[in-house]
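1. got a predicted structure here, sequence first:
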Amino acid sequence: MTRFPPDRRRTLLAAERPTEALSRHGRHRVALGFPNSYEIGMSNLGFQWVYRLLNREDDVACERFFAEDEDDDRRGPRTLESDRPLGEFPLVAFSISWEMDYANFLRLLPAARIPLERDGRVEGDPVVLVGGDCARINPAPLTPWVDVFAMGDGEKLVRPLGEILRRDLSRERTLHEFARIPGFYVPAVHGPRAEEADEGRIVVQQLKAADGASREPPHTTLLTPHTELSDKLLIEVARGCSEMCRFCWAAYAMAPQVRIPAEAVLEVARRNRPLTSRAGLIATAVADHPEILTILRGLSALDFHIALSSVKIDAISPEILAILTVQGERALAIAPEAGNERLRLALNKKVSDAMLREKVRLIAASGITQLKLYLQIGLPGETDEDVGDLVRLVDDLRRIFLDEGRKRGRIGTLVPNVNAFIPKPHTPFENEVLDEPESIAQKLKLLDDAFRKMPNVTFRGMPVVEAVWEAYLAKMGLESGPILREAAAGVPVRKLVKEHRETILSVVRPIRPAFPGPPSDLPRGVFDPHARQASPWGFIHKS
C-alpha cells in the first residue's frame, strides 16, 4: 500500500482538469492525504475544497497523497504532484470522513517513516494534522497518534493554518500556536480530554446561517474520469439539515443550515460548463433548499446531466421528477427509515404513511424504474410489530410502483436497503445502545425471507459484523488503541469483533447509564448533559 506506480501517477495527473488555476510554487509545503484510494478520495468534495483553499494561501503549496495498494520497492507513500516522500513536508494533513479509514491512516504513517506515536516525534518530524468529519465527531481514539485536530469548516480554519506555516516556527512552537487558535485541538497541549483548554472545551468553528448569502459554493477543484463520480462537477448547495432526525449527526452537529443562493450555484455551473456536462448537487437534504427548482431549471438550461443522490420525501414534486427523467434518469433514492408513522415520529421524521404512498406513486408515474428505500432496524423503541410493518410497507409501495409501471409499460424494481441503527455522537440518540447482534441477525433474516417472496424487490441488508464494528468505531475511546493497531495490521473485522467482543460490546451495548454520572430521568431522544460530559467526545462544543 501507499505509493503510485509511475505509469498510474502519470495517467492520473494527465487526466485531471482544474476548475481554477492553482499555484504550485509556495515555499511552505503541505501534504494533504485521504486515507483511501485516489478514486474515492477525489470523489470527496470536502477533500477537494480544502486542497483548493490551502493552495490559495500565500506562499503555501499543497500536494495530495492517498492510500494506494502498490509499493513494491518500499519507497513509502509519496505525493501525487511531485512524487516526494511525506517526511519532507513540515505538515502532513489528513481528511478523514469515515471511521472505516482509521486503519489506513495508521498504516500510512509508519510506511512514510513518520513515528506513529505523537510522543515519539521530534524536531524535524512532520506535524500530523487530522481534519474532516471524524475530527469533529469523536477525536478521542486517534489522540495517541495525532498532533493537531482541525475541528470545523475549512473556510474558518485554513487561513490561520496558513499564517502559522508562514512563521517558520519550530515543531514545538507550532503545536503551541495551533493550541491558541479556536477550533484546533492539540492533545499534547490541551490534554487527552482538553482539560487545559479554555473552560475545558474545544469549540468547533463553523459557518453561521447568515454566511450562506455571501459564501462561495464549494465545488470540484479537479475534474477527472478516474473517480467514483466520473467527470462530475460537484457543487455544495447547503451544509447541515433542517429535518433534525434524531439519529443524524450532520443535522445536529452542523446546525443551523447554511444555504447558498441559487445564483451563486449557477454561476459556478456556468463557469465550468465548458469542462463537463455532468453536475451533482451536494447537501444533506438537497431538495430542502428553498430555491431548488431555480437551481435545477438553471442547470437543465445549461444542458447539464444532473445527479441527486437522494431526495427528501416531502419535497418530491412532479416538476423535480420531470427535470430528472427528461435527461434519462431512471433511478432515485428516498429514506422512509421506518415502517410506520409511530416510529418515524419518534425519529422526528415528518413523513406520514399517506404522504409516502402519494410520493411513491408520483415517482413511479414519472418514469423512474428503480427506487431505493433507506430503512433501519433496531431503532430505539422498536417492537416486533414495527419490523413486520417494514415488510408491509415495502409490499404496499411495491404494488403502487407496479401499478403505475404497468400504465407506462415499464415495470420497476424496489430496492429496500436496510441498515442497523447506529448510535452517533452529538445526536439525541447518542446514549442509546446498538441492538443485540443476534436480534439484528434475526430481523435481517425475517426481512430477507419476506422480500425474497416479493417479485420486483431486491433486498440489501447490512452485515451484522459490519453494524457492530461501525457502532464501535463511532463511540470508542482510548481503549480502542490495541484494536485499531490490529486492524491496521490487516486483521479482518470479523476476527476483531469476535476476539474483542467483550470490549466492543461494552461500548456499543453498555449497561445503563452508558457513561458515569447522576442517573437521568430524561425522556428518550433528549440530550443528556451528564452522559455527554462523561463521553469520550464530551469536551467538544459548537460555536
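-> Nice, I can see it. Residues are numbered from 1 along each chain as shown.
2. C-alpha from now on. contacts and neighbour counts both.
-> Noted.
3. any idea how far the worst-scoring helix or strand of the chain on mean pLDDT is from the chain center?
-> In the chain, no helix or strand scores lower on mean pLDDT, DSSP states H and E than helix 529-534, which sits at a mean of 83. Relative to the chain's own centre, helix 529-534 is displaced by 25 Å; criterion: Cα atoms, centre = their mean, to the nearest Å.
4. now do the closest residue to residue 153 other than its chain neighbours against residue 32, distance only.
-> Distance criterion Cα to Cα, 6 or more residues apart in numbering; nearest residue to residue 153, sequence neighbours excluded, is residue 206 at 5.1 Å. In this structure, residue 206 and residue 32 are 21 Å apart, going by Cα to Cα, to the nearest Å.
5. ok, the residue nearest to residue 153 - contacts?
-> 152, 153, 156, 254, 542, 543 (Cα atoms under 8 Å, 6 or more residues apart in numbering).
6. need the buried ones from those selected in ChimeraX.
-> Selection of buried members from the contacts of residue 206 for ChimeraX, criterion 16 or more other Cα atoms under 10 Å:
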select :152,153,156,254,542
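7. in helices only, show me the contacts of residue 206.
-> Using DSSP state H, the members of the contacts of residue 206 that fall within helices are residue 156.
8. ok, the contacts of residue 206 vs residue 452, which is closest?
-> Within those, the smallest distance to residue 452 is 39.1 Å, found for residue 254 (Cα to Cα).
9. got a list of what residue 394 touches?
-> So residue 394 contacts residue 416 (Cα under 8 Å, 6+ apart).
10. where does pLDDT dip in this protein?
-> 1-3, 70-74, 512-522 (pLDDT under 70).
11. make it 80
-> Residues of the chain that meet the criterion pLDDT under 80 lie in 1-6, 69-75, 309-310, 512-527, 530, 543.
12. tell me how far the helix or strand harbouring residue 269 is from the chain's mean position?
-> In the assignment (DSSP states H and E), residue 269 maps to helix 262-272. Chain-centre distance of helix 262-272: 24 Å, with Cα atoms, centre = their mean.
13. give the buried residues for that helix.
-> 262, 264, 265, 266, 268, 269, 272.
14. who are the neighbours of it, in terms of helices and strands?
-> Identification of packing neighbours for helix 262-272 by 3 or more Cα pairs under 8 Å, 6 or more residues apart in numbering; DSSP states H and E yields strand 232-236, helix 292-301.
15. neighbours of residue 323, just the number please.
-> When counting by other Cα atoms under 10 Å, one arrives at 19 neighbours for residue 323.
16. next one: residue 429
-> Using other Cα under 10 Å, residue 429 has 24 other residues around it.
17. so who does it touch?
-> Listed by Cα under 8 Å, 6+ apart, the contact set of residue 429 reads 246, 247, 423, 524, 525, 526, 527.
18. now do 7 Å
-> For residue 429, the contact set (Cα atoms under 7 Å, 6 or more residues apart in numbering) comprises 246, 247, 423, 525.
19. stretch 14-30: end-to-end distance?
-> Note: stretch 14-30 ends 22 Å apart using Cα to Cα.
20. many thanks, I have nothing further to ask.
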